[in-house]
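[1] only the shape, not the letters, is given here:
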C-alpha cells in the first residue's frame, strides 16, 4: 500500500476524533443555560427599574422647577404615587379666593406622555380650598398612607432648624381616596411620633450653633 493511501484513513480518523472532542466541548448544560437566562433577565429588569427611577426624578425636577419658579407656589410634595404633585397656592387678599391645595397629575397630561414636557397649568385640579384669617396659611407636612397632612399656621412662625411640623398641634389632613376631600383633625401615631422625635434629637445633637 502506498503512503498516500495510508495517510487518508489516518487523517479521516483524526477528524472524527476532533469532531467528537468539539461536540463534547459545545455541549451545554440545560441548568447552566437556564441560570444564564435568569441572570440576563434580572439584569434587564434592574436596568428597566433604573430607567424608570431616572424618569421619575426627571419629571419631579421639571414639575418642581416649573411650579416653584412662580412666586405664588409654596412647597411641592410627591408621595408614593410619583406622578402626582401637591402644592399650596396662597389665598388672594381682599377676595373670595382662599388658600388652595392643588394637585398636578402627570398621568392625564398628554403633552408629557408624547413629548416628555409637563403641561402643568392644563392638568391641575383644586383638592381643597378655604378662606383663612389674615396672616394664616397652609403648610404641607407630608403623607401618612393616603392622608395628606398639613398645618394651618401664621406667616410669622419661624421654628428652629431641627423643628418638625409632624410634632405640631392642630395638624389637619385630607383623605386622598375620598370622593370629596374634607379637612379633618390629624392625630400622629405613637410609632411615628417616636420616629420623628428621634430624628429631631439626632439633628439637635449634630447641629452646630
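    Okay, I see it. Since we're looking at a predicted model, the values are computed, not measured.
[2] would you map the helices across the protein?
    With DSSP state H as the criterion, the chain has helices at 3-26, 30-68, 110-115, 190-206.
[3] which one of the ones you listed has the lowest average pLDDT?
    Of all those, the minimum mean pLDDT falls on helix 3-26 (a mean of 46).
[4] show me the contacts for the spatially most central residue of the chain.
    In the chain, the centroid-proximal residue (Cα atoms, centre = their mean) is residue 82; its distance is 4.4 Å. By Cβ atoms under 8 Å, 6 or more residues apart in numbering, the residues touching residue 82 are 56, 59, 60. Where you see a C-beta, it was placed from the backbone N, CA and C, and this is true even at glycine.
[5] quick check: ChimeraX command selecting the buried ones in these.
    The ChimeraX command for the buried members of the contacts of residue 82 (criterion: 16 or more other Cβ atoms under 10 Å) is given here:
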select :59,60
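[6] excluding chain neighbours, what is closest to residue 79?
    residue 143 (4.1 Å; Cβ to Cβ, 6 or more residues apart in numbering).
[7] repeat that for residue 149.
    Per Cβ to Cβ, 6+ apart, closest to residue 149 is residue 141, 4.3 Å.
[8] shouldn't that neighbour be in contact with residue 152?
    No - taking contacts as Cβ atoms under 8 Å, residue 141 lies outside contact range of residue 152: 10.8 Å.
[9] neighbour count for the two, which is higher?
    Regarding residue 141 and residue 152, a neighbour count based on other Cβ atoms under 10 Å identifies residue 141 as having more, with 23 against 17.
[10] and that one, how far from residue 203?
    Counting by Cβ to Cβ, to the nearest Å, the separation of residue 141 from residue 203 is 17 Å.
[11] burial count for residue 85?
    24.
[12] I'd like the numbering to begin with 538 instead of 1 from here.
    Got it, the first residue is 538 from now on, which makes the last one we talked about residue 622.
[13] which pLDDT value belongs to it?
    For residue 622, the predicted pLDDT is 95.
[14] that one pairs with what?
    Residue 622 has these beta-bridge partners by DSSP bridges: residue 641.
[15] wait, what's in contact with it?
    597, 600, 601, 604, 613, 614, 615, 640, 641, 643.
[16] so which of the residues you listed is the most crowded?
    residue 641 (25 neighbours).
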